[in-house]
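Visitor: 3D model of this:
(chains A and B, ligands or ions: 3)
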Amino acid sequence: MTDVDLHVDLLGKRLASPVIAASGTFGFGPEYADIQDLRVLGGISGKGLTLNGQPGNPGERLYETPSGLMNSIGLQNPGVAHFIEHELPAMKTLGTTVWANLGGHTIEENVEGVRMLCEAGIDFLELNISCPNVKQGGLAFGIRAVDASEVVTAVRKVCTVPLVVKLSPQAENLTEMCKAVEAAGADGISLCNTFQACAIDLERRKPVFANTFAGLSGPAVRPIALRMVWQAVGAVNIPVIGLGGISTGKDALEFIMAGAAAVQVGTANFLDPCACTRIVNEMADWMQAHGVHSLDEIRGCARNN
Amino acid sequence: MSAINCKAKVIGQQAVAPDIRRLTVEWADPRPEFRPHAGQFYMLRCWAADEAPVLSRPISVHDFDAASHTLTFLYQVKGQGTEKLSALKAGDTLSLTGPCGNGFDVAAAAKSGTGRVAVVGGGIGTAPLLLLCKELAAAGAKPELYVGFRDEPYGLEEFLPYCAAVSVATDSGAVGYHGLVTGILHPENFDLILACGPNVMMKGVYKLCAEHNTPCIVSLERKMACGLGACLGCTCMTKVGPRTVCKDGPVFAAEEVFDLD
Ligand SMILES: Cc1cc2nc3c(=O)[nH]c(=O)nc-3n(C[C@H](O)[C@H](O)[C@H](O)COP(=O)(O)OP(=O)(O)OC[C@H]3O[C@@H](n4cnc5c(N)ncnc54)[C@H](O)[C@@H]3O)c2cc1C
Ligand SMILES: Cc1cc2nc3c(=O)[nH]c(=O)nc-3n(C[C@H](O)[C@H](O)[C@H](O)COP(=O)(O)O)c2cc1C
Ligand code: FES
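Guide: Numbers count the residues shown, from 1 in each chain, chains lettered A, B, ... in the order given. Ligands and ions are numbered 1, 2, ... in the order given. Below you'll find the model as predicted:
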């Protein structure tokens, strides 16, 4: 019997396992507390926050595709102050690391949100730069490396916890983006956010979503997400957290072998509400069957030639 | 409100009408906080995580018997998901997540005014109303049932023991009143009206209720991914801000979710 140790040391914190629940798919955690033992998880990334909160998008918000899910939630959230007062206390009792996921429409909003969250006490700050930047005509911070660099530099100055920047697959040049974010002071990178996609309702002869485009996630995007994670790992010297379509232990191990420090699981939580703990168990089973004691033995192994 | 996920065993499944199935499963969890109530629902899945459709399907609790641990669903076969559910046979298992949602506040309903309650259903919207009528009857407020169907009604015999009266309207005139259920409903005779059915029906019922100042409660539907309040995919804009249909609902005061125009 191989003794399998799944823990991950990430940026000074000890994670029980490499599996972190992805933002926007896991509420703030308590929603899943009666469903599975959350202490097995490496962490929970809460629903994406904006400083002042927002009601989210009108119209359809969900649409199924072959092995995928399109969503247009529009970052519905109660705002940072509400989160700190009402959701964070419960999140801290779940026995796993707390990741606050934050986006903003201006640099100032991002900075103020990060300052408040760090003061309130969180384990990781995951900065979602896929939000439209109102000062750049709605172009997301995550498209051009210069815009990303600017917001990360500003946030870095006030961020007192490990700063993980979550990248968008829509980035103009992924390698350049990764390097820019690292140079601006990010402690880690997570990718991918959802892939911009479109669906049309034949009966209405109109796009399904009020915003025309929506974000695609789930198993359908996994091979592309894995390619991007591979590229990110090659581009930077900071930890890369991989996500996009991970639904099984084997999927997660592919990301680890590509060099990911840890992984996140999003859409799979909807396919199976116990997905996160199941994936941890499946990883352990595979490692045991293959005589692998710890993830360090296989992390990035696929890159060696 | 808390939900769990488990594998449940199918006790049996019957066709109630050509496209309507009654599915009975075992719900063995004895903990009172996970006991299903009227208006709550489950996320059902009897296909693998990597099989289509991607999402599990929300189906209301039609009936629950605590003594025999049997949980019953009544559903219409519409597309891929319900098609797969309809193939379930006794002895098969399926994944259940629930009980989800707030459900009807039966204790409050039974105490409204002098306890004259009407329950209004349209088509497959009658599914959650059986347990509702049962719980109302047990709380001492046997409701009057008003139901509308396109053509032949189904499942009504089940309701008879728990209702003071049953009135039927059909679009085709096959049974009962020829027309919409709103044509036979008189809100002035009731202290409270509880409705579930197509949106147009519920809006019609709400309008009628508003004319007579009778409070109206409705149960909404939305596409759902998690059923747990975690994804915000099922949000409906209400007069008191955005609310999740899966966790804050599906049961709402009609005036919070519908406009009168
Ligand atoms: C809280 C809740 C409780 C429900 N309870 C019941 C129930 O007790 N019995 C029952 O028969 N159905 C119920 N439904 C509706 C049921 O979930 C859908 O009919 C089902 O998801 C359709 O899945 P499908 O894969 O078979 O069809 P799909 O291929 O997904 O859809 C077939 C057709 O049905 C429409 N549709 C899909 N989902 C919904 C929905 N949520 N609401 C309205 N139209 C939809 C689609 O637009 C399409 O036209 C409930 C829905 C909710 C949200
Ligand atoms: C319904 C839904 C809501 C999401 N909300 C957020 C969010 O608020 N912030 C964020 O950074 N990512 C959000 N995401 C993206 C996921 O965290 C994840 O990056 C993406 O879905 C890819 O991973 P997956 O295929 O495992 O889901 C959301 C995804 C979904 C499906
Ligand atoms: S379905 Fe996920 S919040 Fe309602």
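
Visitor: Tell me how far A:Leu226 lies from chain B.
Guide: 16 Å (C-beta to the nearest C-beta, to the nearest Å). Where you see a C-beta, it was placed from the backbone N, CA and C, and this is true even at glycine.

Visitor: Determine the number of other residues adjacent to that residue.
Guide: Look at A:Leu226: counted by other C-beta atoms under 10 Å in any protein chain shown, it has 23 neighbours.

Visitor: I'd like to know which elements whichever strand or helix holds it is packed against.
Guide: Using DSSP states H and E, A:Leu226 maps to helix A:222-235. Using 3 or more C-beta pairs under 8 Å, 6 or more residues apart in numbering or on different chains; DSSP states H and E as the contact test, the elements touching helix A:222-235 are helix A:174-183, strand A:188-191, strand A:240-242, helix A:249-257.

Visitor: Give me the contact list for it.
Guide: With contact meaning C-beta atoms under 8 Å, 6 or more residues apart in numbering or on different chains, helix A:222-235 is reached by A:167, A:169, A:174-175, A:178-179, A:182, A:189, A:191-192, A:195, A:240, A:242-247, A:251, A:254-255, A:258-260, A:300, A:303.

Visitor: which among these are in contact with ligand 2?
Guide: A:Cys192, A:Leu243, A:Gly244, A:Gly245, A:Ile246 (C-beta under 6 Å from any ligand atom).

Visitor: export these to CSV and tack on neighbour count?
Guide: Below are these laid out as CSV (neighbours: other C-beta atoms under 10 Å in any protein chain shown):
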residue, neighbour count
A:Cys192, 29
A:Leu243, 29
A:Gly244, 31
A:Gly245, 24
A:Ile246, 30
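
Visitor: which regions of chain A sit below the pLDDT cut-off?
Guide: By pLDDT under 70, the low-scoring segments of chain A are A:1-2, A:134, A:137, A:305.

Visitor: For it, which segments count as helices?
Guide: Remark: helices assigned in chain A by DSSP state H are A:80-82, A:88-92, A:107-120, A:145-158, A:174-183, A:222-235, A:249-257, A:268-271, A:275-289.

Visitor: and the longest strand for chain B?
Guide: strand B:4-17 (DSSP state E).

Visitor: Tell me which helix or strand comes right after it.
Guide: Once the chain leaves strand B:4-17, the next helix or strand it forms, by DSSP H and E, is strand B:20-26.

Visitor: what lines up beside that next one in the sheet?
Guide: In the sheet, strand B:20-26 lines up against strand B:4-17 (antiparallel), strand B:70-76 (antiparallel) (DSSP bridges).

Visitor: ranking the ones you listed by burial, who's on top?
Guide: Comparing the strands paired with strand B:20-26 on average neighbours per residue, with mean count of other C-beta atoms under 10 Å in any protein chain shown, the densest one is strand B:70-76 at a mean of 21.

Visitor: ok, and does that strand reach over to ligand 1?
Guide: Yes. Legend: contact between strand B:70-76 and ligand 1 by C-beta under 6 Å from any ligand atom is shown at B:Leu74, B:Tyr75, B:Gln76.

Visitor: Turn the strands paired with strand B:20-26 into CSV, columns for distance to ligand 3 and mean pLDDT.
Guide: What follows is the strands paired with strand B:20-26, written out as CSV (distance: least, C-beta to the nearest ligand atom, whole Å; pLDDT from 0 to 100):
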stretch, distance to ligand 3, mean pLDDT
strand B:4-17, 14, 96
strand B:70-76, 18, 98
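
Visitor: Redo the residues of strand B:70-76 next to ligand 1 as JSON lines? Include distance to A:Ala210.
Guide: Converted to JSON lines, these look like this (distance: C-beta to C-beta, whole Å):
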{"residue": "B:Leu74", "distance to A:Ala210": "33"}
{"residue": "B:Tyr75", "distance to A:Ala210": "29"}
{"residue": "B:Gln76", "distance to A:Ala210": "28"}
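
Visitor: check contacts around A:Asp187.
Guide: Taking C-beta under 8 Å, 6+ apart, we find A:Asp187 in contact with A:Leu11, A:Pro162, A:Leu163, A:Val164, A:Ile238, A:Pro239.

Visitor: what's the spacing between the helix holding A:Leu226 and its chain's center?
Guide: Centre-to-centre, helix A:222-235 and its host chain are 14 Å apart (C-alpha atoms, centre = their mean, to the nearest Å).

Visitor: quick one, it and helix A:174-183 angle?
Guide: Using axes from the mean of the first three to the mean of the last three C-alpha atoms, to 10 degrees, the direction of helix A:222-235 lies 50 degrees away from that of helix A:174-183.

Visitor: Tell me if helix A:222-235 is near ligand 2.
Guide: No. Helix A:222-235 stays clear of ligand 2 (C-beta under 6 Å from any ligand atom), getting no nearer than 6.9 Å.

Visitor: between that helix and helix A:249-257, how big is the angle?
Guide: Orientation of helix A:222-235 against helix A:249-257 (the same axes, to 10 degrees) gives an angle of 20 degrees.

Visitor: Between the contacts of A:Asp187, which sits nearest A:Ile107?
Guide: Closest approach to A:Ile107 among the contacts of A:Asp187 (C-beta to C-beta): A:Leu163, at 14.6 Å.

Visitor: Quick check, that closest one in contact with A:Leu127.
Guide: Yes. Between A:Leu163 and A:Leu127 there is a contact at 6.5 Å, judged by C-beta atoms under 8 Å.

Visitor: got the residues of chain B near ligand 3?
Guide: B:Met224, B:Ala225, B:Cys226, B:Gly227, B:Gly229, B:Ala230, B:Cys231, B:Leu232, B:Gly233, B:Cys234, B:Thr244, B:Cys246.

Visitor: quick one: which helix or strand includes the fourth one?
Guide: With elements taken from DSSP H and E, nothing contains B:Gly227; it lies in neither a helix nor a strand.

Visitor: Then the first one?
Guide: Applying DSSP H and E as the criterion places B:Met224 outside every helix and strand.

Visitor: who's in contact with it?
Guide: A:Leu62, B:Met43, B:Leu55, B:Pro58, B:Gly233, B:Cys234, B:Val245, B:Cys246.

Visitor: And for the second one?
Guide: Taking C-beta under 8 Å, 6+ apart as the criterion, B:Ala225 is in contact with A:Leu62, A:Leu69, A:Asn71, A:Phe270, B:Leu55, B:Cys231, B:Gly233, B:Cys234.
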